[in-house]
Structures are given as structure tokens and as C-alpha cells.
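*Asks:* I would like the atomic coordinates for the input below:
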Amino acid sequence: MSSNSQILKQVITDTENIFSRIAEHYPNLLKELEKNIKDASSSLDKLSMVNPGGVMKGAGIPVGSYLGERKEESKKSLLELNAFQKQNEVIIKKLTSSITDYQDSQAYIEEIRDISESLQIVSLNALVNAVKAGKGGEGFSVITENLKNVTGTTIEKTSILEQKGEVIKRKLDVFCTSEKAISLNRKELLELLEQKMMSGIDTFQVESETVNNLLSGLNKESEKVRGNILRVMEELQQQDIIRQTIDQILMSMKELPVEVEGFSIDDFSEDEEMDKTVFYERLIDISIIMIDEVVEKLNRTVNIFSENFNQARQRLEYIQGEKNAAIEHFITNLKSMTSLSEMNIEVRERSNELSEKRRGLISLISGILKHVHGISEEIESFKKISGWLQNVAVLSRIELTRSLSLRQMTESVDDMADLVERIQEQIKRGERETGDFISSTGMLFEEYEAYAEEEQHYMRDFFESFIDGISEMSSINNSFSDVLKDFNFFSEKFRNLFEISSGEMEQLKKLTGELSHVSGNLQTLKVRFDETIKKKIGEKEIQEWNISDESLNKIIERFTIYSHKRSAGEVTGLNVEESALGAGEVTLF
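*Replies:* Below you'll find the predicted structure:
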């Protein structure tokens, strides 16, 4: 039996070593797990708070609150910019109305031309009649010749006015077209900024809350690994029971002869030989029962270890997989933040382009005003012509009264006076309407310049604020991403300890094979003793043999585990002391 005893002693040594290593690793494993959970909670705190400077830290304001403030600030700025747009629309509407009125007022130029042409015809007729009158019409001829020249000048002036008016019209058209284009570009840029900014904030807010909530849930899930570890640690106390049981097996097997195979029942007296045979058979039976119990306990322990290791490993893999998926999803969906950062250059360029175009319009306005003042100067020259025409009309009447030969020209002179008066009225009209246009457009242009300057200043501040906001958001995004990239629920140290501990399972499984081997050997011996006992009982024609030797009872009394005493009592037919009942399993653990 020495080989079986050696195997059992080795099993004790191996189980003690395995359980000792597990007992050594598991407090460290649990300690590392607690540290990992604490570190993960700290990282989650960093993900939930932000500093005004945009750096993720464990102090500051909640990310949601910060993003909400940024969103409201952006909305407010965009509303103020929209107010500028409405103000601009009002100014342009007034300016367009004033331009339309001025263009309509250009009809006076056509009136002056038409009247001047009529006056020229009348003066030509008068000149012909004056020539016919001979010497008496010489003075009148000079007057009508001057009138013809003045009306020609007037007609030329109307062409100049029309040309200048056409230049103004073209420039005003350019202004209005450019202003519409600027307003459209501005509107498109603001809509783009609004869409990108709001979308970026909303996406970041949703994704950061989602990943934070998911990671918080996974952190709680990681705490369940603690339960698996504690359950394994609880099972470690089985090692003492296993040792005591194997000690009792060894104690029982010690009573067997060293060479059971050489044992012969013929070496003893009849009663003595039967006592020895039954004694050995029952010791072997008790040993087999206890070995089977140890195997059962080891299998149960291995199953508990394996079950909790597998559950822990599944949780580790699940948590790690979900964490990786969440981070990848977050980073992928936050490409909108990256596109926001990339917009910085585009925003600056388009903002500068708008400012440049607006300055160009202001310069164009100055040119338009110069042209309008040029028309005003032409109107002043018309006033001089009006004075000449008035003088011609007066001289014509004087000359008419001096010469009897010209009295038939009274109607022509009256027509000339009437036409001169009408020209004077149109000149006054042009002077009045041009003055009104200069006054109204001057005020509107000044208002537009003031508006444009204020808008440019505000937009410059807005875009700088917007770009700063993008930079800040980008900084938060980068910090958030950095925290996530370094984020782990389980450290490398924890994983190494976990794998080392889980590797002990295979060693325990091998020990159950060793014990089963010993049990098989004992089963073979038991069969031999059973055959011998059965033969002797048959010879004596009795049902069973009750041994009278107290040796077996003494051995059973030395058992430290009550369940073994009870099993031994059932096998041997001995009575277990009542005082032991209810005592349960006695261990030294």
C-alpha cells in the first residue's frame, strides 16, 4: 500500500500548494480589481466634467451644462447676426425705393429735351421771318440765332445728364446685385455655421452622455467580477477538509498490512483470521468512501472555480468588447467635431471675403455719390441756361415792340416765352428731385456704412468667438478621446493574476485522476477480501461476521469529521456516539 499512500501524501502536498498559490493570488487579484474599479470611476469623473478652458478634469462643470451653455451662446449670437440681416434688409429696401423714385424722376430730362427741340423749331421759324423782314428784323435775327444755339446746348446737356444717369443706374444695379450676393453668402455661411455648430454640440453631447452612461454601466458590471473572486476564495476552505479526509484515509490504510497482496488468511486462527479479513475489508471500504468524497469535493471545487472563472472571463471579455465598441462608436461619430476644426480656415477665409466685398460696396457707394453730385452740377449749369433763355425771351418781346414789321411774329414770341417757362419748370423739378435723391441716398448710404462697419465688427468678434469655441470644443473632444483611449476596466496586472489563478484548475483536475487511481487499486483489493469473506461465511453457514476486535472502533473514533464517522459506522455496523450527532463537520480551518 506504500505506493497508494505516497500518492495520497503527494495529493495533500499538491492541493496545499495549489490552494496556497490561489490564496496568495486572490487577495492581490481582489485588491487589483478594487483599484481598477476606483481608477475607472475616476476616469468616468473626468469624462463627466469640464473646465471652462475646455480640458477634461475631475473638477469644473458638468459636460452637459457646459455644452448647453455653448449652444445657448451660439444661438444668441446667431440671433443677433440675424438682427443685423433684418436691419440690412430694411436699409436696402429704402435704398431700392429711393433709387426707383430717382429713376422715375429722370423723366424731366426727356421733358427738357422735347421742349428744347420744340423751342429750337420755333426759333428757326422766327429766324426765317426775321430775315424776310429785312433790315427791321436784323436785331431779332441775332436774338433767335442765340436762342437756337442755347437750345442746342440744352439738348446736349440732356444727353450728358442721361449718360450720367445711366452710369448711376448701372452702378446702383451693381450695388444691389452685389449686396444681394453678399447677403446670400452671409446667410449661407451663418446657416452652415449654425448647422455645423449646433450639430457638433448636439452630437458631442449625445455621444458623450451615451458613452459615459455605457461605461458607467460597464463599471457596475465589472463589480460583479468581485463576486466571482469572493466565491472562489470561499471555496478555498475546502482544502482543510480535503486534507483531514486524506489524513483519515492514510490513518485507515496504515492499519492494512504492508503487502496486502501477500496476505494469507491461513496464517491466523479461524476466528482471528475472519476478524482480520473483515477488518481489512471494512477499512478498505471506508477508505474508498472517503476517497470518493475527496474526489467529489475536488470536482465540486473545480466546478465552482471553473464556473466563476468562466463567468469572470466572460464578463471581462464582454466589458472589454463593449468598451472598445463604445469608444470606436464615439470617435467615429465625433468626426463632426473634426470637421468643425477643419472649418476654421474656411470660416476665416469666407469671413474675410465677406468683409472685403462689404468694403468694396462702401467704396462703390462713394463713387455713386460722386456721380450724383455730378448730376447736381449739371443741373446748376441748366440754371444758367435757364437765365439765358429768360433773357432771350425778354429781348424778343422788346425787339417785337420796336419793329412794326415783326408784329406778325407775336404768336411765335409767345410760344417761345411759354416754352422757356416750361424748360425752367423742368429744370427746377430736376434740381428739386436730384436734391431729394442726394439727401435721401446720402443719409441711407451713411446709415449703410455705419451698419456695415458695425456688422463687420460684430462678425469679426463672432467668428473669432466661433473659432475659439471650435478650438475649445476640439480640445474637449481630444481630451475626451485621450481619456477613452487610455481607459481600461482591468489592468494588465489584474489580467496576469487572473490567468495565473485560472491556470491552477488543470492541476486540480489532475489530482482527481490520481485519487481515482488509488480508489481503483483499493476496489481491486476489496474484491479479493469480499470473495474470501463470502467463502468463509458460506463454510460456516452464517449470514455475516461481526468482528469482536476494538481496533476498528478506535480508528473510527479518531476521525475528525463526523460525516466520516457516520459513514464508517454504517459500513462497520458500529454505533457512533450520540454526543457527536449535530456536531457537524469539524475542521481546523
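*Asks:* Assess the claim that Ile365 and Glu449 are in contact.
*Replies:* Yes - the pair Ile365 / Glu449 is scored as a contact, 7.0 Å apart, by CB atoms under 8 Å. Quick note: C-beta positions are derived from backbone N, CA and C, even for glycine.
*Asks:* Identify the residue spatially nearest to Phe462, adjacent ones excluded.
*Replies:* Counting by CB to CB, 6 or more residues apart in numbering, Ser77 is the residue found nearest to Phe462 once chain neighbours are left out, at 5.4 Å.
*Asks:* can you pull the pLDDT of that neighbour?
*Replies:* Note on Ser77: pLDDT of 75.
*Asks:* try Ser264
*Replies:* With respect to pLDDT, Ser264 scores 50.
*Asks:* Report the mean confidence score over the strand or helix carrying Leu214.
*Replies:* Secondary structure assigned from DSSP states H and E places Leu214 in helix 138-235. The average pLDDT within helix 138-235 is 80.
*Asks:* i'd like the first residue to be 3 from this point on
*Replies:* Happy to do that; since the first residue is 3 now, the last one works out to helix 140-237.
*Asks:* Please identify the helix or strand for the residue nearest to Phe464.
*Replies:* Applying DSSP H and E, one finds Ser79 within helix 65-107.
*Asks:* Of all the residues in whatever helix or strand comes next after that helix, which ones are buried?
*Replies:* Using DSSP H and E, the next helix or strand after helix 65-107 towards the C-terminus is helix 109-134. Buried residues in helix 109-134, counting neighbours by 16 or more other CB atoms under 10 Å, are found at 110-111, 113-122, 124-125, 128-129, 131-132.
*Asks:* With stretch 303-310 instead?
*Replies:* Using 16+ other CB under 10 Å as the test for burial, stretch 303-310 gives Thr303, Val304, Ile306, Phe307, Asn310.
*Asks:* Same check on stretch 178-189?
*Replies:* By neighbour count on 16+ other CB under 10 Å, the buried set for stretch 178-189 is Glu181, Ile184, Arg188.
*Asks:* can you list contacts of that stretch?
*Replies:* 87, 90-91, 94, 97-98, 101, 352, 355-356, 359-360, 362-363, 366 (CB atoms under 8 Å, 6 or more residues apart in numbering).
*Asks:* so what's the closest residue to Lys96 other than its chain neighbours up against?
*Replies:* Spatially, and ignoring its direct neighbours in sequence, Lys96 is nearest to Leu446 (5.6 Å; CB to CB, 6+ apart). For Leu446, the contacting residues are Ile93, Lys96, Leu97, Ser100, by CB under 8 Å, 6+ apart.
*Asks:* The third one contacts Tyr450, correct?
*Replies:* Yes - the pair Leu97 and Tyr450 qualifies as a contact (CB under 8 Å) at a distance of 7.0 Å.
*Asks:* and the gap between the most centrally placed residue in the chain and Tyr104?
*Replies:* Residue closest to the mean C-alpha point of the chain, counted by CA atoms, centre = their mean, is Phe206 at 2.6 Å. Distance, Phe206 to Tyr104, by CB to CB, to the nearest Å: 53 Å.
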